[in-house]
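> pasted the sequence and its predicted model underneath.
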Amino acid sequence: MKSTGRDAGLTPFEILLSAIEAGELQPGERLQETRLAEQFGLSRTPIREALHRLETLGLAEPGPQRGLIIAHISYERLRQLFDVREGLERLAMDLAVAAASEEEIALLQEMINKEATLTDSKALHDHNRMFHRQIYRATHNPYLNEMLDNLRIHLSLLRGTTYELKERAEEAKREHQAIVDALARRDRLAAQEAACQHIRNGYRARLTILSQRER
């Protein structure tokens, strides 16, 4: 089935990234040039070039058979990703406290109010991504946003969502409120601690999900 709409204006590389983020290409899945070219309505040459870029970024890796597969994230890589994410979130809070407008902080609070009405894990996952993106925009720092976008791409290799754990869903809602409360007070240290605790708890929840799937 050919992809439509979403792919307008995207490069072949961006199309594959989008498919990874949407879960259309799963970790361990074989990346066959012919099939991908047919699926996305492209020729094999740009698909081959896009696959090379994915491999360079660590998003694709050699499979047990000839060719590439979507990369798996090992426990060690997962720890490294969350270490970097915590550091970038700390920086984001520092910048957002200084740069976010009152209107941007008010928008974050509106997002939290909407989040309180959500119960579906997929809806909560998508809303969480939008919430964090809004914080990153509020830093008004394009370089930080570029680094966070790159990190987000790697995190998209993780299957499922920590919001599958009901206790994590409620915990994350409280953490989001703590972050916005600190931003509203322009309390840099409190915002950084709230954000870092949010990331640490997310990492713990992710380990729980991985452990459950291995049983």
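Good, I have the coordinates. Note that the coordinates shown come from a computational prediction; the quantities given were computed from them, not determined experimentally.
> in whatever helix or strand residue 175 lives in, what's buried?
Per DSSP states H and E, residue 175 falls inside helix 166-185. Judged by neighbour count using 16 or more other C-beta atoms under 10 Å, the buried positions of helix 166-185 are 168-169, 171-173, 175-184. For every residue, glycine as well, the C-beta is placed using N, CA and C.
> next: stretch 24-33.
25, 27, 31, 33.
> now that stretch, how far from the centre of its chain.
Distance of stretch 24-33 from the chain centroid (C-alpha atoms, centre = their mean, to the nearest Å) equals 19 Å.
> how about stretch 80-95?
13 Å.
> quick check: mean pLDDT of that stretch?
In this model, stretch 80-95 carries a mean pLDDT of 96.
> show me which residues of it are buried.
Per 16+ other C-beta under 10 Å, stretch 80-95 contains these buried residues: 81-82, 85-86, 88-95.
> which outside residues touch that stretch?
73, 135-136, 139-141, 144, 147-148, 151, 154-155, 179, 182-183, 188, 191-192, 194-196, 198-200, 202-203, 206 (C-beta atoms under 8 Å, 6 or more residues apart in numbering).
> rerun that using 7 Å as the cut-off
With contact meaning C-beta atoms under 7 Å, 6 or more residues apart in numbering, stretch 80-95 is reached by 135-136, 139, 141, 144, 147-148, 151, 154-155, 188, 191-192, 195-196, 199-200, 203.
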